[in-house]
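Colleague: for reference, the sequence and a predicted model appear below.
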Amino acid sequence: MSRINREIQSQPLDVKTTNMDQVNNLSGTTVWFTGLSGAGKTTISQVVEQVLRSEGYRVERLDGDIVRQFLCKDLGFSKAERDENVRRIGFVAHLLTRNGVIVLISAISPYRDIRAEMRQNIGQFVEVYVNASLETCEKRDVKGLYRKARTGEIKNFTGITDPYEPPLNPEITCYTDCESVDESAAKVIQYVKQRMH
């Protein structure tokens with residue numbers, strides 16, 4: 001072990017909510033879009049982002065697919081690895097939220113227990129269940145992922161060979177089988193703006 005490595009000690013990182021937001025008069029929140037692949041999470045969050053930015057809100061959008069490419073590319077799709085993926089996204093979201101940013105996360109995040117953990121850790125947390133039937137999601141599947149999952153080319157695919165646990169009490173549910181993107185986005189925007197004041 002080098003001299004530098006011996007002298008470096010890990011320090012506890014306290015990411016609990018502090019009174020920093022009151023001191024700086026900031027009010028952030030994390031809006032977590034969860035649902036099956038193809039349900040419309042990214043599409044709705046993009047519209048929400050555009051509208052809120054146009055009205056002067058500080059917004060950051062974290063897309064699960066993009067985060068996996070850069071922050072979580074070492075992870076696979078076992079339950080433990082999926083949970084770790086969500087924890088990393090949640091850690092970034094917490095840092096942004098406590099600094100007054102509205103964080104829009106679109107990630108399948110299939111398991112209730114890890115979503116509950118993120119709610120507890122982040123504090124200012126809004127769960128949006130993007131609810132679309134499996135049949136609808138398969139019809140929208142431009143990448144052919146569901147087809148590959150059904151033929152066994154993709155293992156541990158949520159909704160086919162791996163479970164999705166729908167939220168029991170989300171703040172918002174977007175029924176994308178029957179709502180337009182704008183209708184779903186409007187529900188989220190209204191809720192977030194009310195929460196920010």
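Modeller: That came through, no problem.

Colleague: CA only for contacts and neighbour counts going forward, please
Modeller: Fine.

Colleague: helix, strand or coil: sort out Tyr164 for me.
Modeller: Going by DSSP: H, G, I helix; E, B strand; the rest coil, the secondary structure assigned to Tyr164 is coil.

Colleague: contact partners for the nearest residue to it once chain neighbours are set aside?
Modeller: Spatial nearest neighbour of Tyr164, excluding adjacent residues (C-alpha to C-alpha, 6 or more residues apart in numbering): Pro110 at 4.6 Å. For Pro110, the contact set (C-alpha atoms under 8 Å, 6 or more residues apart in numbering) comprises Thr34, Gly35, Leu36, Thr158, Pro163, Tyr164, Glu165, Pro166.

Colleague: for the closest residue in space to Val181 that isn't next to it in sequence, what are its contacts?
Modeller: With sequence-adjacent residues excluded and distances taken as C-alpha to C-alpha, 6+ apart, Val181 is closest to Ile44, at 5.9 Å. By C-alpha under 8 Å, 6+ apart, the contact list for Ile44 reads Val181, Asp182, Ser184, Ala185.

Colleague: out of the contacts of Pro110, which end up buried?
Modeller: Thr34, Gly35, Leu36, Thr158, Tyr164, Glu165, Pro166 (16 or more other C-alpha atoms under 10 Å).

Colleague: so what pLDDT did the third one get?
Modeller: Per-residue pLDDT puts Leu36 at 93.

Colleague: surely it meets Ala132?
Modeller: Yes - using C-alpha atoms under 8 Å, Leu36 is in contact with Ala132, at 7.4 Å.

Colleague: from the contacts of Ile44, which would you call buried?
Modeller: Val181, Ser184, Ala185.

Colleague: and the last one, how far from Ala107?
Modeller: Using C-alpha to C-alpha, to the nearest Å, one obtains 16 Å as the distance from Ala185 to Ala107.

Colleague: swap in Gln50?
Modeller: In terms of C-alpha to C-alpha, Gln50 sits 19 Å off from Ala107.

Colleague: low-confidence stretches in this structure?
Modeller: 1-26, 68-77 (pLDDT under 70).

Colleague: Provide the secondary structure category for the residue most central in space within it.
Modeller: With distances taken as C-alpha atoms, centre = their mean, Ile105 lies nearest the centre of the chain, 3.2 Å away. Ile105 falls in the strand class when you classify it by three-state DSSP.
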